[in-house]
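[1] attaching a predicted model along with its sequence, questions to come.
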Amino acid sequence: EDQVTQSPEALRLQEGESSSLNCSYTVSGLRGLFWYRQDPGKGPEFLFTLYSAGEEKEKERLKATLTKKESFLHITAPKPEDSATYLCAVQAGSGGSNYKLTFGKGTLLTVNP
Amino acid sequence: DTGVSQDPRHKITKRGQNVTFRCDPISEHNRLYWYRQTLGQGPEFLTYFQNEAQLEKSRLLSDRFSAERPKGSFSTLEIQRTEQGDSAMYLCASSPWVTGEKLFFGSGTQLSVL
């Protein structure tokens, strides 16, 4: 069964203090690894898709990387508006469902001014 | 607003009652998903439609849950004989892609079963 584990569960940073969030996964043939952002009371918002080990993608202060066992979301010089829950999800490429995403529990990021 | 729309935003019901939620996906998206999310957890897959065909349903979904997508447009999710354990946020998402699941989520329906 596909599994996604995110750490830490919660992270509190000062504005400008860079850090990383971790997503460890086990999946039957990775088709894609996804990062989403979720604000309170809203649905998740897509950030990145990574398909193969070594791939990196960037968007503003966020950079996502992928290895064969885990992914990191690096946040450089965060601002208070980056405060949210960050969700990691995997899509299996072989065996079982090819449609569903399996999500982790998320990391609640708080950035203090 | 051309995003995914869900109605109602909040629903409070008594145990044993039936409830129905509606989802209007982005108009050109042929793929539609339902997920369920409880506090402190990530979204959990419930079911998937491609156009009007329901192609997958989670093994975790009991027979009290049913979903439809008539004519491949909007979708409804019905829960019969609700239980307190059904309390959760029910999220709808849509996607235009054949592969690569970049999903566009709605804001969800928060269900509270008393």
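    Cool, got the structure. Numbers count the residues shown, from 1 in each chain, chains lettered A, B, ... in the order given.
[2] pretty sure A:L73 contacts A:Y86?
    Yes. With contact defined as CB atoms under 8 Å, A:L73 counts as touching A:Y86 (5.9 Å). (Each C-beta comes from the backbone N, C-alpha and C, glycine too.)
[3] what's the overlap in contacts for the two?
    Jointly contacting A:L73 and A:Y86 under the rule CB atoms under 8 Å, 6 or more residues apart in numbering or on different chains are A:L21, A:W35, A:L47.
[4] residue contacts, the last one?
    Listed by CB under 8 Å, 6+ apart, the contact partners of A:L47 are A:F34, A:W35, A:Y36, A:R37, A:K59, A:L62, A:A64, A:L73, A:Y86.
[5] quick check, central residue of chain B?
    By CA atoms, centre = their mean, chain B has its centre lying nearest to B:W34, at 3.3 Å.
[6] got any ranges where chain B has weak pLDDT?
    Regions of chain B meeting the criterion pLDDT under 70 cover residues B:1, B:97-101.
[7] would you mind listing what in it touches chain A?
    For chain B, the residues found near chain A under the criterion CB under 8 Å from any CB of the partner chain are B:4, B:31, B:33, B:40-45, B:48, B:55-56, B:58, B:91, B:93, B:99-108.
[8] buried ones only from those, please, as a PyMOL command.
    Listed next is the PyMOL selection for buried residues among the residues of chain B next to chain A, using 16 or more other CB atoms under 10 Å in any protein chain shown:
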select buried, chain B and resi 4+31+33+42+43+44+45+48+56+58+91+93+101+103+104+105+106+107+108
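[9] narrow the residues of chain B next to chain A to those in strands?
    Counting by DSSP state E, these place B:R31, B:Y33, B:E44, B:F45, B:Y48, B:L55, B:E56, B:L91, B:A93, B:F104, B:F105 in strands.
[10] wait, the fourth one touches A:Q91, no?
    Spelled out, it's B:F45. No. At 10.5 Å, B:F45 does not count as touching A:Q91 under the criterion of CB under 8 Å.
[11] list residues touching both of these two?
    With CB under 8 Å, 6+ apart, B:F45 and A:Q91 have common neighbours A:K100, A:L101, A:T102.
[12] run through the bridge partners of the last one.
    In this structure, A:T102 bridges to A:V90 when assessed by DSSP bridges.
[13] bridging residues for residue 32?
    Just going to use chain A. A:Q91.
[14] wait, I meant chain B there
    Counting by DSSP bridges, B:L32 forms beta bridges with B:F49, B:S94.
[15] that one: what's it in contact with?
    B:L32 neighbours (CB under 8 Å, 6+ apart): B:C23, B:P25, B:Y48, B:F49, B:R69, B:S75, B:C92, B:A93, B:S94.
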